[in-house]
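In: take a look and give me a structure for this.
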Amino acid sequence: MPGDFLAKEREIEMAKAEAEAQGKKPREIIVKMVEGRLRKSLAEITLLGQPFVRDPDVTVENLLKQSNAKVLRFVRFEVGAGIEKKQENFAAEVMATVRGS
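Out: As a prediction, this is how the structure comes out:
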């Protein structure tokens with residue numbers, strides 16, 4: 001991940017954690033909370049940190065290590081991508097129904 005992205009995310013998480021703590025938690029605890037949240041979010045958005053599809057208890061990184069393999073390329077799929085939803089005008093449909101009866 002780019003350093004500027006991580007710095008911005010750390011800044012955002014720090015502001016959230018400080019607002020939640022409201023001065024009731026020491027700075028060291030807040031920093032640990034922020035680092036934990038960053039690790040978790042990075043695991044979700046990076047390929048190697050994601051859980052393996054067939055076994056969610058194993059990350060892609062661990063699976064690659066076990067298999068002595070490496071990623072040469074990958075394709076990202078998004079749930080619902082490519083599905084076109086028909087756009088309907090509900091008011092026009094109701095009026096057509098009313099006129100037809």
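In: burial check on Val34, number of neighbours?
Out: The number of residues packed near Val34 is 20, by other CB atoms under 10 Å. Where you see a C-beta, it was placed from the backbone N, CA and C, and this is true even at glycine.
In: what helices or strands is the helix or strand hosting it leaning on?
Out: Using DSSP states H and E, Val34 maps to helix 27-45. The helices and strands touching helix 27-45, judged by 3 or more CB pairs under 8 Å, 6 or more residues apart in numbering; DSSP states H and E, are helix 3-21.
In: got the CA coordinates for the helix it packs on in CSV?
Out: The C-alpha trace of helix 3-21 is given here as CSV (Å, rounded to 0.1, in the frame of the first residue of the first chain):
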residue,chain,number,x,y,z
GLY,A,3,2.6,5.4,2.3
ASP,A,4,0.3,8.4,1.8
PHE,A,5,-2.8,6.1,1.8
LEU,A,6,-1.7,4.5,5.1
ALA,A,7,-0.9,7.8,6.7
LYS,A,8,-4.4,9.2,5.7
GLU,A,9,-6.1,6.0,7.0
ARG,A,10,-4.1,6.2,10.2
GLU,A,11,-5.1,9.8,10.7
ILE,A,12,-8.8,9.0,10.1
GLU,A,13,-8.7,6.0,12.5
MET,A,14,-6.8,8.0,15.1
ALA,A,15,-9.5,10.8,15.0
LYS,A,16,-12.3,8.2,15.4
ALA,A,17,-10.5,6.4,18.3
GLU,A,18,-9.8,9.7,20.2
ALA,A,19,-13.5,10.7,19.8
GLU,A,20,-14.6,7.3,21.1
ALA,A,21,-12.2,7.4,24.0
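In: what angle separates that helix from helix 27-45?
Out: Interaxial angle of helix 3-21 relative to helix 27-45 (axes from the mean of the first three to the mean of the last three CA atoms, to 10 degrees): 130 degrees.
In: rounded mean pLDDT for helix 3-21, please.
Out: Average pLDDT, helix 3-21: 90.
In: buried ones in that helix?
Out: Buried residues in helix 3-21, counting neighbours by 16 or more other CB atoms under 10 Å, are found at Glu9, Glu13, Met14, Ala17.
In: the last one against Gly36, yeah?
Out: Think Ala17. No: the criterion here is CB atoms under 8 Å, and Ala17 misses it with Gly36 at 9.9 Å.
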